[in-house]
Every structure is written in structure tokens, then in C-alpha cells.
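Visitor: got a predicted structure here, sequence first:
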Amino acid sequence: MNASLLVEIAVRAAEKACREILTVYYDDNFQVELKGDQSPLTRADKLAHEAIIAELNTSGYPVLSEEGRDIPFSERKAWEYFWMVDPLDGTKEFIKRNDEFTVNIALIHKGRPVLGVVAVPVTGDVYLASAGAGATLRRDGKSVPLSKRPPVDLTTAGLKVVASRSHMSSATEDFINKLNKAELVSAGSSLKFMLLAEGKADVYPRFGPTMEWDTAAAHIIVNEVGMKVYSSDGNTELLYNKENLLNPDFLVK
């Protein structure tokens, strides 16, 4: 199956998940108990997961989802291609009802994302990319190619640094303070990466825990505008389908 067909499968899956999430998000009973299996968060996660799985299964590739079963490394290490999914990224933003949550779907090939879709339920925006084909934003019925970014020089004055709205750490604050008159831009979920992809921010330091499904889809999108997601060693990019699915600290620029 070619890349353009796989992208459209992922886009359909993400858009269906967005619709399921919004039925819960705009439900009059949203403020009921947010813990347990009947919480709005749990229902939205499960409905989105089911919608995505139904669509992605048509591709024939296996799926690793935050909301799915715990697949042992002994099984998934043999996968050449597989989908990595976060049905609802930005759970704190969802609970706060600040609209900054996303649906993330990536196709992984031998440890690297080669296709990614990030959909924003509330706005309807869909960001997508596949390796070597560039990145695109679908907004208000139009598809707009996202421009390539020049390399970022961290000594430049006035860089816009994107950081988590809900997970700011002292290490992140230290990083920002060492820059030259940097400006902080806050966002939730994988929208932080999308600010970079759209040219609305310059660098994203993340010193704190994230999982592979939090970053995979966004990773290929920023790659396709010329940016890298460097792991904590500063030289190599994040890898996926590790035995431990926890990401190291990283820097996007």
C-alpha cells in the first residue's frame, strides 16, 4: 500500500476519533466524576481508540496504542511496520477543557516514524506528513504545505521557546534562562510540536517523561519541515519501539 493511501487511512481514523471525543467533550454530563471507567476521559479515550483501530485495521499493519493491550516486546520487536497511536493526547488539557488536546497516529518503520497525522478535535485542524513528501496543514477545507525551517541557532536573541502548559520543569526553566532573551510560548499535547511546524516557535526542550506515542506522529511532521527531535545525547534522534516505551529527555530544533 503506497504512502498516500496510508496517509488517508490515518487521516480518516484521526477524524473519526475526533468526532467521538467531541461527543464526550461537549456532553452536558462532562463534569461528573473524572475517575473510574465511566469518566468522560475514559469514555473519550476508549471511543477514540475503537474508531482508530477499526480504520487502521484495513491497512493490514499491527497497532500499538496507549489505550490498547500491553503487547510484549518479544512480539512487537519483529514488526517491520506498525501504527503507533495516542487516541487522546493531552489528558490534563481535556479535563481542564482548554481545547488543547490532539489525536496522534504514526506509522513506524524499523524504529523511525515515516508517516504522521496530528488532528485537533476542537478546531478541526489536521497536520500530516510522510517521509520525503513534506508536511501539510489541512485547515478550513484547504490544504497548505508547511514551509521548511532554517536551522536554529540557540544563541539568537528572542527565540520563541515552546513548553508544556501542564508539565513545566525546573530543568526547562533553566534551559530557557540560559538563552538570549527568549520568549516562552505555552501549549498542551503535541500542539507544542505543531507550533514549531507552523513557524510559530523555534525550539522545544522537554526535560520530563513522555511516551513514544506522545511524540511519534509529531516527530515526522517536524522532520518534514527540516527540524530534528534530538534525544538527550544531543546527537541522535528519538527511536521508537524500544523495549521500554518511555522517551528520554529531548530537544526539538
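Guide: That came in fine, so what should we check first? Numbers count the residues shown, from 1 in each chain.
Visitor: how is this structure divided into domains?
Guide: 3-145, 160-252 (automatic domain parsing).
Visitor: biggest helix in this protein, by residue count?
Guide: Using DSSP state H to define each element, the chain has its longest helix at helix 3-25.
Visitor: what's the first helix or strand after that helix?
Guide: Sequence order places helix 40-56 as the next helix or strand after helix 3-25, per DSSP states H and E.
Visitor: now for G134: which residues touch it?
Guide: Going by C-beta atoms under 8 Å, 6 or more residues apart in numbering, G134 touches 145-146, 224-225. The C-beta positions use only the backbone N, C-alpha and C, and glycine is treated the same way.
Visitor: for those, which one is nearest H109?
Guide: For the contacts of G134, the residue nearest H109 by C-beta to C-beta is E224; the value is 14.8 Å.
Visitor: kindly list the main-chain dihedrals of that closest one?
Guide: Dihedral angles of E224 (phi, psi; degrees, to the nearest 10) stand at phi -80, psi -10.
Visitor: shaky segments in the stretch 101-250 of the chain?
Guide: Counting by pLDDT under 70, the stretch 101-250 of the chain shows low-confidence ranges at 165-167.
Visitor: ok, which stretches of it are strands?
Guide: Taking DSSP state E, counting those that start in this stretch as the test, the strands found in the stretch 101-250 of the chain are 102-109, 112-119, 126-130, 135-139, 142-145, 160-164, 183-187, 204-206, 229-231, 250-252.
Visitor: and the fifth one, what does it pack against?
Guide: In terms of contacts (3 or more C-beta pairs under 8 Å, 6 or more residues apart in numbering; DSSP states H and E), strand 142-145 is packed against strand 135-139.
Visitor: hang on, the earlier thing: okay, the domains of the chain in a markdown table with distance to V152 next?
Guide: A markdown table is the format used below for the domains of the chain (distance: least, C-beta to C-beta, whole Å):
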| stretch | distance to V152 |
| --- | --- |
| domain 3-145 | 17 |
| domain 160-252 | 5 |
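Visitor: circling back to that earlier point, buried subset of the contacts of G134 as a PyMOL selection?
Guide: Only the buried entries of the contacts of G134 go into this PyMOL selection, using 16 or more other C-beta atoms under 10 Å:
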select buried, resi 146+224+225
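Visitor: distance of I220 relative to S39?
Guide: In this view, I220 and S39 are 32 Å apart by C-beta to C-beta, to the nearest Å.
Visitor: more neighbours, those two?
Guide: Comparing I220 with S39 by other C-beta atoms under 10 Å, the one with more neighbours is I220, at 25 against 16.
Visitor: quick one: residues contacting that one.
Guide: I220 touches 106, 113-116, 129-131, counting by C-beta under 8 Å, 6+ apart.
Visitor: repeat that with 6 Å
Guide: With contact set as C-beta atoms under 6 Å, 6 or more residues apart in numbering, I220 has these partners: 113, 116, 129.
Visitor: by neighbours, which of the residues you listed wins?
Guide: Neighbour counts for the contacts of I220 (other C-beta under 10 Å) peak at G116, which has 31 neighbours.
Visitor: in this structure K181 contacts G158, no?
Guide: Yes - contact criterion C-beta atoms under 6 Å: K181 and G158 qualify, at 5.4 Å.
Visitor: still on that earlier bit, closest one to D153 among the domains of the chain?
Guide: Minimum separation from D153 across the domains of the chain (C-beta to C-beta) falls at domain 160-252, 9.4 Å.
Visitor: what about that closest one, start to end distance?
Guide: 12 Å (C-alpha to C-alpha, to the nearest Å).
Visitor: which among the contacts of G134 gets closest to F30?
Guide: When the contacts of G134 are compared for distance to F30 (C-beta to C-beta), L146 wins out at 33.0 Å.
Visitor: from Y204, how far out is that closest one?
Guide: Between L146 and Y204 the distance is 16 Å, computed by C-beta to C-beta.
Visitor: perfect, that will be all.
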